[in-house]
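Chemist: need a 3D model of the sequence below.
(2 chains)
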Number of protein chains: 2
Amino acid sequence: MENDFDELRKRMIKSAKEKIKMNYESEEYALIQAINAYNEALKSQNLFYERLTEWYGLYFPEVSVSSPKALASLALILNSDRSIGKEAIESAIGDAGKAESIARKLEGSIGRLMGEEERNVIIEYAKLLLDMSDSIEKLDAYISAAVGRLLPNTAYITEDKIAAELLSKAGSMERLATFPASTVQLLGAEKALFKHIKFGSKPPKYGVIFKLPEVTNARKDLKGRIARLYATKIAMALKADYYTKNFIAEKLKNDISNGIKRISSSPIKEKPKREQRMGQNQHRKFDGKKRFHGRR
Amino acid sequence: MENDFDELRKRMIKSAKEKIKMNYESEEYALIQAINAYNEALKSQNLFYERLTEWYGLYFPEVSVSSPKALASLALILNSDRSIGKEAIESAIGDAGKAESIARKLEGSIGRLMGEEERNVIIEYAKLLLDMSDSIEKLDAYISAAVGRLLPNTAYITEDKIAAELLSKAGSMERLATFPASTVQLLGAEKALFKHIKFGSKPPKYGVIFKLPEVTNARKDLKGRIARLYATKIAMALKADYYTKNFIAEKLKNDISNGIKRISSSPIKEKPKREQRMGQNQHRKFDGKKRFHGRR
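Modeler: Residues are numbered from 1 along each chain as shown, chains lettered A, B, ... in the order given. Next up is the predicted model:
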């Protein structure tokens, strides 16, 4: 009897473990981590780039380069006696014309001459920035590959990173696939949405999908309609990605470009005059008061 | 005549350049960059550590380590078939007992088995985290060395990083040395100070020097007085560091410990009752209105 009970207990624990295991079997959770890691690393990179620009500016204030990689490579070769040479600069930033002008500026530079200790620590920092941009590229490559496996339709009509971010906001493929177009449209705009519900501010028109160039660059009065069009098609693509696994993105993309043509040909809406607007949309305007007074 | 003018112009530009150059001759500007880089890198490291904890948790949710370095080292060796072995784990985290238990947990782990691609990208990320902690250590070492050269008195009575942060908040050694004790006490508390001036909220008691353990761990009603004591002595140390370059920190430290003893022996102040407090300090209480209505 005692043994039976033990046996049963073990079997139940094993089966529970199996169930949890199955829940994590899909690659989607790794993709969610990767896209979040990517976004965070991008932010850190910008911060480090700004810092290195300022720091390097002490030694060579005349220089200006346009990318973290170029700046870090340049910082790596700057030495205490400024005898770098055009060739070294060229191989660091990969631009002969620019290297020429940088070498000339360096000769007459008013920057501070660095001590050996300072040099070692700024080189260390520049190396870290270079490593970071390498890692970001590798994260990027992984995200594209994983999105190709998990969300081929969605990625085809949008972009790899937008597809991954939609997944990250939803939390799982299953949840994402069940969302209606309206939810897809506003994924990532939760803050603005709750502000609208709670304080009556303007409702948001788009969340993550705002990053689509077709939405960003659209005429202002059409942005919302184009975002909705995209959301409708993305919702269909998501269902295909999760349930049927068919590739329907070619057709969806056609639909989208037709839809955009149709929407774009609509006449420019006259902006209603202020008095009219106040009358019509008063319920939408922020009146300075909370709408709901429930507990928080 | 034309030539004379050209000659003069060149000479003037040269002299202006010399003057700018002299302004940056001191190491203090490199130190300011280094302490800022250090603080930013520390924040990024925490962010990356949290992310890796979550990510690694997909593959091995049972593990728990206490430092970014240990976690990253562990992530580096985890492979797709989980055949790591106790020895490898031990050499990664440097703790035999812990390695034993981790190896046991790994055998029965319910985590996801990672594909080759996922493995490469998480290893890349873990490496970046390791590089970052190395860089942070090197920045730390540079900061200590530079503070020892520039602010020996201040660092002796406080801490290397507190001295560097005071310098960073002030912007230059010269400015820092001219500050009175009251300004030193509140360096780094600018936000709270302006809130006090503008809205009448409680005045701040300390800025950067709050990080001193003697202040942090002081009795609540004495924190302000101990902070002021420190600020007085720090202001003296700063003047010695910038002007006389004498080492007076030994004496200052003595003064501080005597002062703390004296302050600590004062009886615990009874907190005034609410009605009394309202009467006495009404002008300090936030009355919900701005004090000044000047333009911002």
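
Chemist: residue contacts, the most centrally placed residue in chain A?
Modeler: For chain A, the residue sitting closest to the mean C-alpha position, by Cα atoms, centre = their mean, is A:Asn39 at 5.5 Å. By Cβ atoms under 8 Å, 6 or more residues apart in numbering or on different chains, the residues touching A:Asn39 are A:Glu165. For the C-beta atoms, the positions are set from N, CA and C on the backbone; glycine is no exception.

Chemist: which is the next helix or strand following the helix or strand containing it?
Modeler: Per DSSP states H and E: A:Asn39 is located in helix A:28-59. Note on helix A:28-59: by DSSP H and E, the next helix or strand toward the C-terminus is helix A:68-77.

Chemist: packing partners of that next one?
Modeler: Counting contacts by 3 or more Cβ pairs under 8 Å, 6 or more residues apart in numbering or on different chains; DSSP states H and E, helix A:68-77 packs against helix A:28-59, helix A:86-93, helix A:116-150.

Chemist: now do the last one and helix B:116-150, the angle between them.
Modeler: Using axes from the mean of the first three to the mean of the last three Cα atoms, to 10 degrees, the direction of helix A:116-150 lies 160 degrees away from that of helix B:116-150.

Chemist: alpha carbons of whatever helix or strand comes next after helix A:116-150, in CSV - could you do that?
Modeler: Reading on from helix A:116-150 to the C-terminus, the next helix or strand found by DSSP H and E is helix A:152-157. Below are the C-alpha coordinates for helix A:152-157, written out as CSV (Å, rounded to 0.1, in the frame of the first residue of the first chain):
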residue,chain,number,x,y,z
PRO,A,152,6.7,33.3,-42.1
ASN,A,153,3.5,34.9,-43.3
THR,A,154,3.5,37.8,-40.8
ALA,A,155,7.2,38.5,-41.5
TYR,A,156,6.6,38.5,-45.2
ILE,A,157,3.9,41.3,-45.1
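
Chemist: follow-up on the earlier one: dump the helices and strands packed on helix A:68-77 to CSV, plus distance to B:Ala164.
Modeler: Shown next, in CSV, are the helices and strands packed on helix A:68-77 (distance: least, Cβ to Cβ, whole Å):
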stretch, distance to B:Ala164
helix A:28-59, 14
helix A:86-93, 30
helix A:116-150, 13
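
Chemist: closest one to B:Ala103 among the ones you listed?
Modeler: helix A:28-59 (23.5 Å; Cβ to Cβ).

Chemist: for that closest one, list every residue counted as buried.
Modeler: A:28-41, A:44-45, A:48-49, A:51-52, A:55-59 (16 or more other Cβ atoms under 10 Å in any protein chain shown).

Chemist: phi, psi for A:Leu151 please.
Modeler: When read as degrees, to the nearest 10, the backbone of A:Leu151 gives phi -130, psi 50.

Chemist: if we can go back for a sec, and the helix holding A:Asn39, how far out from the chain middle?
Modeler: Centroid displacement of helix A:28-59 relative to its chain, using Cα atoms, centre = their mean, to the nearest Å, is 12 Å.

Chemist: report the angle between the axes of it and helix A:116-150?
Modeler: Using the same axes, to 10 degrees: helix A:28-59 against helix A:116-150 is 150 degrees.

Chemist: can you tell me the average pLDDT over helix A:28-59?
Modeler: Average pLDDT, helix A:28-59: 94.

Chemist: which stretches of chain A have low pLDDT?
Modeler: A:1-2, A:80-82, A:269-296 (pLDDT under 70).

Chemist: and it, what are its domains?
Modeler: A:28-144, A:154-284 (automatic domain parsing).

Chemist: list the buried residues in the one helix or strand A:Val215 maps to.
Modeler: According to DSSP H and E, A:Val215 maps onto helix A:213-216. Residues A:Glu214, A:Val215 are the ones in helix A:213-216 that count as buried (16+ other Cβ under 10 Å).

Chemist: quick one: contacts for A:Arg51?
Modeler: For A:Arg51, counting by Cβ under 8 Å, 6+ apart, the contacting residues are A:Tyr125, B:Gln33, B:Asn36, B:Ala37, B:Glu40.

Chemist: got CSV for those residues, with distance to A:Lys105 too?
Modeler: Converted to CSV, the contacts of A:Arg51 look like this (distance: Cβ to Cβ, whole Å):
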residue, distance to A:Lys105
A:Tyr125, 22
B:Gln33, 21
B:Asn36, 25
B:Ala37, 24
B:Glu40, 28
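
Chemist: out of those, flag the one nearest to B:Pro203.
Modeler: Using Cβ to Cβ, the contacts of A:Arg51 come closest to B:Pro203 at B:Asn36, 26.8 Å.

Chemist: you'd agree that closest one is up against B:Lys169?
Modeler: No: B:Asn36 lies out of contact with B:Lys169 (Cβ atoms under 8 Å); the separation is 10.4 Å.

Chemist: burial of A:Lys261, as a residue count?
Modeler: The number of residues packed near A:Lys261 is 9, by other Cβ atoms under 10 Å in any protein chain shown.

Chemist: helix/strand/coil for it?
Modeler: Following DSSP: H, G, I helix; E, B strand; the rest coil, the label given to A:Lys261 is helix.

Chemist: look up how far chain B lies from it.
Modeler: 39 Å (Cβ to the nearest Cβ, to the nearest Å).

Chemist: ok, A:Pro180 - contacts?
Modeler: A:Ala235.

Chemist: indicate which one of the domains of chain A is closest to B:Ile162.
Modeler: domain A:28-144 (19.5 Å).

Chemist: measure that closest one end to end?
Modeler: Between the opening and closing residues of domain A:28-144 lies a distance of 13 Å (Cα to Cα, to the nearest Å).
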